[in-house]
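Q: Give me a 3D structure for the following:
(one chain, ligands or ions: 2)
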Amino acid sequence: MIYLETVFIVVVTFWAMEWVAWASHKYLMHGFLWVLHRDHHRGPRGRLQRNDAFFVLFAIPSWLCIMLGMMHASPISVSIGAGIALYGFAYFLVHEVFIHRRLKLWRDTKNVYWLAVRKAHMAHHRHVNREDGECFGMLWVAHRYIVDARQALGRGTP
Ligand SMILES: [Zn+2]
Ligand SMILES: [Zn+2]
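A: Ligands and ions are numbered 1, 2, ... in the order given. All right, here's what the predicted structure looks like:
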């Protein structure tokens, strides 16, 4: 397999994971796995949250794809595993570090897209119950939050 195909599979897997994350957030975390997700909405939030268990859960398919892919010399499987791992890392940076500031790494953003990502996720956090919710995704943002962010930064469309 050529290098470009590997990169392509990693990128496709990464974006497929945005959908997987959206679906599992909406239907599993706000469904029968609410017991693990609840403290992320209601607290108390210590250094560790029950919600962090999802990083471990999502690491399992990634690890299996990489390990089995290496054992059976399947670059496709390794690439899929790498795509899942990359998404997990991005999720950690965007959700835990950038939005919830569990590590103080960045100052406030002046970037329309990143501000929109944060605003959309804050809209998700306005709800504390399992049943009602919006904005279950992470990197895919509804247009209205882009408009919102533009206005907040004083860059409203004239
Ligand atoms: Zn939620
Ligand atoms: Zn959150």
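Q: Chain neighbours aside, what residue packs nearest to the residue nearest the centre of the chain?
A: Central residue of the chain (CA atoms, centre = their mean): Y91, 3.7 Å from the mean position. The shortest distance from Y91 to any non-neighbouring residue, by CB to CB, 6 or more residues apart in numbering, is to M138 (6.2 Å). All C-beta spots, glycine's among them, are computed from the backbone N, C-alpha and C.
Q: ok, the one you found - contacts?
A: E18, A21, W22, Y91, V94, H95, V117, H121 (CB atoms under 8 Å, 6 or more residues apart in numbering).
Q: if I pick the first one, what's in contact with it?
A: Contacts for E18 (CB under 8 Å, 6+ apart) come out as Y87, G137, M138, L139, W140.
Q: Now with 6 Å, please.
A: By CB atoms under 6 Å, 6 or more residues apart in numbering, the residues touching E18 are L139, W140.
Q: how close does W114 sit to D108?
A: Distance of W114 to D108, computed by CB to CB, to the nearest Å: 10 Å.
Q: Please apply the same query to G43.
A: G43 is 23 Å from D108, by CB to CB.
Q: just V141 next, same as before
A: Distance of V141 to D108, computed by CB to CB: 18 Å.
Q: Can you tell me what sits against the strand or helix carrying A120?
A: Under the criterion of DSSP states H and E, A120 resides in helix 112-125. Residues outside helix 112-125 that contact it (CB under 6 Å, 6+ apart): I99, T109, E134, C135, V141, Y145, I146, D148, A149, R150.
Q: Alpha carbons only: can I get it in CSV?
A: Provided in CSV are the C-alpha atoms of helix 112-125 (Å, rounded to 0.1, in the frame of the first residue of the first chain):
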residue,chain,number,x,y,z
VAL,A,112,-14.1,32.4,14.9
TYR,A,113,-14.1,28.6,14.4
TRP,A,114,-12.7,27.7,17.8
LEU,A,115,-14.9,30.2,19.6
ALA,A,116,-17.9,28.7,17.8
VAL,A,117,-16.8,25.2,18.9
ARG,A,118,-16.7,26.4,22.5
LYS,A,119,-20.1,28.2,22.2
ALA,A,120,-21.7,25.1,20.8
HIS,A,121,-20.4,22.9,23.5
MET,A,122,-21.5,25.4,26.2
ALA,A,123,-25.0,25.2,24.7
HIS,A,124,-24.8,21.5,25.3
HIS,A,125,-23.8,22.1,28.9
